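1. I'd like to go over a predicted model; first the sequence, then the structure.
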Amino acid sequence: MKRSLENNIRAIYLLGFFTGFLVVVPVFVPLLQGYGLSMSQVMQTQALFALTIALCEVPSGYIADIWGRRNAILVGSACNALGFFSLLWADSFVDFLIYEFILGVGFSLISGADLALLYDTEVYLRERGIRGGPGASKSLSRLISVEAAASGAAGIAASLLLLWSMDGVVIVQAFTGFAPFLLALLLIEAPRPKAEKELNGHSDNARRIVDLLLFGKPVVFWTAFAITVFGLLAVYVFWIYQKYWELQGVPLEYFGYIWAAFALTVSLSARFSDALEQRLGYRQVMVLIAILALTGLLGMALGAGWLGVIFGLTIQISRGLSMSLFYEALNQRVPGEFRATVNSLVSLGVRSTFIVTGPLLGIALDTQGMQATLMGLLAIFTPLMGLVLVPLVVRIRREKAEEALQASTQAAAC
């Protein structure tokens with residue numbers, strides 16, 4: 001068991017790498033435009049992806065909690081492999097809709113389950129003194145960093161493959177998409193306390209999850225809200241970037257290299273987020289996360305050429321910091337038996353909002369232009385970030401005060 005679980009951690013990191021190693025993503029918008037799709041249609045394909053995840057996210061997370069995280073990852077990886085292989089014959093709007101639907105099912109099964117399995121494995125090994133180090137929460141930021149680094153490697157690979165042709169990118173993606181499935185075969189389920197498995201029924205589990213999110217620790221609710229807000233902005237700019245670079249006159253063969261730099265920025269900021277929080281404090285880091293994101297939007301809207309491209313890096317720094325710190329805070333406060341479900345619910349918040357707003361974003365880009373769209377996002381997200389971060393800081397401060405009071409009371413009693 002010891003050896004298998006230790007291998008589990010390495011396998012999850014490798015699985016995260018190959019799940020993020022998507023060579024088609026850095027050039028996906030030009031690929032679809034090459035088949036005659038408008039930005040509105042591109043966003044519609046992503047809205048279908050979001051809708052599929054919205055329908056499957058919570059059931060898949062619950063399946064992972066009840067029937068096993070390994071099983072969910074295995075089935076999800078198989079779906080993704082099938083979806084990427086379908087790119088070999090996709091050449092129309094309908095074909096790409098089918099592709100996004102298959103990927104939506106696959107990624108919804110993996111989403112949350114990988115984080116939960118990694119966290120559970122780390123906790124189990126540390127409780128038994130098998131594994132040392134900084135702790136399970138640190139592994140979450142490492143996984144985020146690995147996935148971002150994989151995205152960067154995929155960007156470089158995409159640019160090199162473009163020296164051959166766009167078809168080369170598609171072919172490589174079709175076959176590397178099978179790597180996560182093969183790695184998932186190596187995983188084993190991390191043991192969890194018996195009480196977590198002997199649950200009282202699905203309705204009781206649903207009630208407990210709702211109580212946890214809405215009426216449990218206030219920090220859990222506001223952290224989930226923060227992940228939703230910052231995650232939504234990340235999804236928007238994710239699909240804006242390639243069109244933005246095109247409008248700034250950046251040659252297509254540079255897209256992959258820029259994508260790699262952006263992904264590396266996320267990876268590094270996620271990797272050192274914990275050290276930054278310890279140095280500055282949680283309040284200052286949260287303010288920094290918001291300022292970086294808003295500065296990036298403003299700089300992209302007003303900047304021209306490569307200057308505007310560079311401003312996009314500040315959004316990536318914000319993304320790496322927010323993903324690592326917010327997800328770490330959430331998973332620390334969520335019981336192990338519902339960790340995958342809660343992670344899936346948080347992702348659902350982002351995807352469900354994008355279902356409606358994604359196509360609208362595409363229409364805005366087609367009709368109003370890039371600068372007006374970016375300024376519109378700035379006007380929307382400035383108050384949203386204040387709305388979520390101020391209550392979150394207040395709740396964290398109260399939580400820390402309560403913990404300090406409880407610790408002092410216990411010390412006095414001893």
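-> Thanks, I have it.
2. how about the helix or strand hosting residue 76 as CSV, C-alpha atoms only?
-> Per DSSP states H and E: residue 76 is located in helix 69-85. The C-alpha trace of helix 69-85 is given here as CSV (Å, rounded to 0.1, in the frame of the first residue of the first chain):
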residue,chain,number,x,y,z
ARG,A,69,-11.9,9.2,-7.5
ARG,A,70,-9.8,6.8,-9.6
ASN,A,71,-12.8,5.4,-11.5
ALA,A,72,-14.0,9.0,-12.3
ILE,A,73,-10.6,10.0,-13.5
LEU,A,74,-10.3,6.8,-15.6
VAL,A,75,-13.6,7.3,-17.4
GLY,A,76,-13.0,11.0,-17.8
SER,A,77,-9.6,10.4,-19.4
ALA,A,78,-11.1,7.9,-21.8
CYS,A,79,-13.7,10.4,-22.9
ASN,A,80,-11.0,13.0,-23.4
ALA,A,81,-8.9,10.6,-25.5
LEU,A,82,-12.0,9.9,-27.7
GLY,A,83,-12.7,13.6,-28.0
PHE,A,84,-9.2,14.6,-29.1
PHE,A,85,-9.1,11.7,-31.6
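3. could you give the angle of the helix or strand just after it to helix 69-85?
-> Using DSSP H and E, the helix or strand that follows helix 69-85 in sequence is helix 93-110. Inter-element angle recorded for helix 93-110 and helix 69-85: 160 degrees (by axes from the mean of the first three to the mean of the last three C-alpha atoms, to 10 degrees).
4. what mean pLDDT does helix 93-110 get?
-> Taken as a whole, helix 93-110 has an average pLDDT of 91.
5. surely residue 93 and residue 38 touch.
-> No - with contact defined as C-beta atoms under 8 Å, residue 93 does not reach residue 38; the gap is 9.7 Å. From N, CA and C alone the C-beta is placed, and that goes for glycine too.
6. that older thread, pull out the buried positions in the helix holding residue 76.
-> 69-85 (16 or more other C-beta atoms under 10 Å).
7. what does that helix contact?
-> 15, 19, 24, 60, 63-64, 99, 102-103, 105-110, 113-114, 116-117, 120, 173-178, 180-181, 183-185, 187-190, 340 (C-beta atoms under 8 Å, 6 or more residues apart in numbering).
8. could you do stretch 349-361 as well?
-> 40, 43-44, 46-47, 50-51, 53-54, 57, 224-225, 227-228, 231-232, 235-236, 239-240, 373.
9. buried stuff in it?
-> Quick answer for stretch 349-361 (16+ other C-beta under 10 Å): 349, 350, 351, 352, 353, 354, 355, 357, 358, 359, 361.
10. max pairwise distance over these: which two?
-> Farthest pair in the buried residues of stretch 349-361 (C-beta to C-beta) is 349 and 359. Separation: 18.3 Å.
11. circling back: over the helix holding residue 76, what's the mean pLDDT, rounded is fine.
-> On average, helix 69-85 scores 91.
12. what about that helix, distance to the chain center?
-> 17 Å (C-alpha atoms, centre = their mean, to the nearest Å).
13. and for stretch 160-169?
-> On C-alpha atoms, centre = their mean, the centre of stretch 160-169 falls 27 Å from the chain's centre.
14. pull the residues that contact it.
-> With C-beta under 8 Å, 6+ apart, stretch 160-169 has contacts from 23, 24, 27, 30, 31, 34, 158, 172, 252, 253, 255, 256.
15. for the last one, phi and psi?
-> The one in question is residue 256. Per-residue torsions, residue 256: phi -60, psi -40 (degrees, to the nearest 10).
16. can you tell me the closest non-neighbouring residue to it?
-> residue 159 (3.0 Å; C-beta to C-beta, 6 or more residues apart in numbering).
17. for the residue lying closest to residue 100 once chain neighbours are set aside, give me its contacts.
-> When the adjacent residues along the chain are set aside, residue 100 lies closest to residue 49, with 4.1 Å between them (C-beta to C-beta, 6+ apart). When contacts are counted by C-beta under 8 Å, 6+ apart, residue 49 touches 100, 101, 103, 104.
18. got the angle for whatever helix or strand residue 49 lives in vs helix 93-110?
-> Assigned by DSSP H and E, residue 49 belongs to helix 39-67. If you take the same axes, to 10 degrees, helix 39-67 sits at 30 degrees to helix 93-110.
19. chain center to helix 39-67: distance?
-> With C-alpha atoms, centre = their mean, you get 13 Å for helix 39-67.
20. buried subset of the contacts of stretch 160-169?
-> Using 16+ other C-beta under 10 Å, the buried ones in those are 23, 24, 27, 30, 31, 158, 172, 255, 256.
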